[in-house]
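Q: Would you be able to build a 3D model of this:
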Amino acid sequence: MITSKKPSTKIEIDLTGPQGNAFVLLGIAKDLCHTLDLDWNYVYSEMTSSDYENLVQVMDHYFGEIVVMYR
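A: Predicted coordinates for the structure are as follows:
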């Protein structure tokens, strides 16, 4: 039997609330990288390479199937 490492339910994040803080988003991304066996250092460098909007876009790129972000 093959099991998926993806969480069974989507993670919802309100970007206008406390979960929308850049440090919280980085923490969520780090946990997801470890869960999905992604290179955290690479994802981190992409997320922090520019401004907040870039961070959100990179998060959506890597985790859009798992994470729903709204404003």
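
Q: mind checking pLDDT for Thr16?
A: On the pLDDT scale, Thr16 is placed at 97.

Q: Equivalent analysis for Thr9, please.
A: Thr9 is assigned 87 on the pLDDT scale.

Q: For Thr48, see how far away Asp14 is.
A: Distance, Asp14 to Thr48, using Cβ to Cβ, to the nearest Å: 22 Å. For glycine as for every other residue, the C-beta is placed from the backbone atoms N, C-alpha and C.

Q: okay, which residue is most central for this protein?
A: Ala29 (3.6 Å; Cα atoms, centre = their mean).

Q: Dihedrals phi and psi, that one?
A: Main-chain torsions, Ala29, degrees, to the nearest 10: phi -60, psi -40.

Q: residues touching it, list them.
A: Counting by Cβ atoms under 8 Å, 6 or more residues apart in numbering, Ala29 makes contact with 40, 43-44, 47, 59, 62-63.

Q: That'll do, ta.
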